[in-house]
Structure formats: structure tokens, C-alpha cells
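> sequence unknown, structure follows:
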């Protein structure tokens, strides 16, 4: 089952990544938003796509979708976003790499790889951790 979960998580992650990247690029480029505002808003878009995809697809056989599981999911994703923000901060403000391309590579390349590992572990461990086949509210 883990292989199927990993594949589903990856597919949902690609959709969430596309939403995150599209919003970030649109805000950072044509809208002229600063990099941290653009990343904060793109994070929310990607997180919404990821929760819906994982709750309704990848982990539908595990815990029920509750307000609590949604809050824990947001916390796990916020931890992943913090990793990405730190990569962006170091690159943009610490190393002086201030182009849109450098900003995108720092959070979408390095940051995304690190954050994805954290999110997979956290989502499986803390959010959708119910027994396989169980239906009902999350009791964790």
C-alpha cells in the first residue's frame, strides 16, 4: 500500500506544485509582488489543492476528513513551507540572488525537495494515520 500512497502523494503533489508555481510566478512577475508575499499566497493555493487531493484521493481509505485533520495538515504543510521560505530568505537576502529565476529556483528547487520529504512523512504519520479501511472520525 505504501507504494500506491507514495505514487498518489506524488501525483497530488505535482498538481499542488503547479498551483503554487503558477500563483508565485504570476504574483512575482506581472503583479510585481515582493517574493515573500508571493510565496505566502502561493503556499495557500498549493496547500488547498494538496489537502483536497490527498483527502479525496491518496488517503481516502484512511481517516475521515475532519476540521482537526485539516488543521494538522495545514501545520505539516506550514512546516514544509518554512523550509521553503528559509531557502528563499537565504538565497534572496543572504546571498543576494534577487532575480525572479533565482527566487523560483531557491524555493521551487532546493526548498521543494526538502519540504516534500517532510510533508510526506508528516501527512502519513500525523494527518491520515488511521487504520487502512477504517471509516470514521480521526481519533488521534
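That came through fine. Being a predicted model, the structure only gives us computed values, none of them experimental.

> quick one, what contacts residue 95?
If you count contacts by Cβ atoms under 8 Å, 6 or more residues apart in numbering, residue 95 has none. Placement of C-beta: from N, CA and C, glycine included.

> residue 128 versus that one, what's the distance?
Residue 95 is 37 Å from residue 128, where distance means Cβ to Cβ, to the nearest Å.

> and what of residue 102?
Counting by Cβ to Cβ, the gap from residue 102 to residue 128 is 35 Å.

> same drill for these two, tell me which one is more crowded.
Each of residue 102 and residue 128 has its neighbours counted (other Cβ atoms under 10 Å); residue 128 has more, 24 against 16.

> which one is the more buried one nearest to, not counting chain neighbours?
Nearest residue to residue 128 in three dimensions, chain neighbours excluded: residue 59, at 3.4 Å (Cβ to Cβ, 6 or more residues apart in numbering).

> ok, now residue 108?
Among residues not flanking residue 108 along the chain, residue 21 sits closest, at 6.0 Å (Cβ to Cβ, 6+ apart).

> for residue 83, same thing?
Going by Cβ to Cβ, 6+ apart, residue 83 has residue 115 as its nearest residue, at 4.5 Å.

> which element is the one you found on?
Per DSSP states H and E: residue 115 is located in helix 112-122.

> by contact count, what packs against that helix?
helix 2-28, helix 67-89 (3 or more Cβ pairs under 8 Å, 6 or more residues apart in numbering; DSSP states H and E).

> with mean pLDDT and mean neighbour count added, can I get those in TSV?
Shown next, in TSV, are the helices and strands packed on helix 112-122 (pLDDT from 0 to 100; neighbours: other Cβ atoms under 10 Å):
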stretch	mean pLDDT	mean neighbour count
helix 2-28	89	17
helix 67-89	88	18
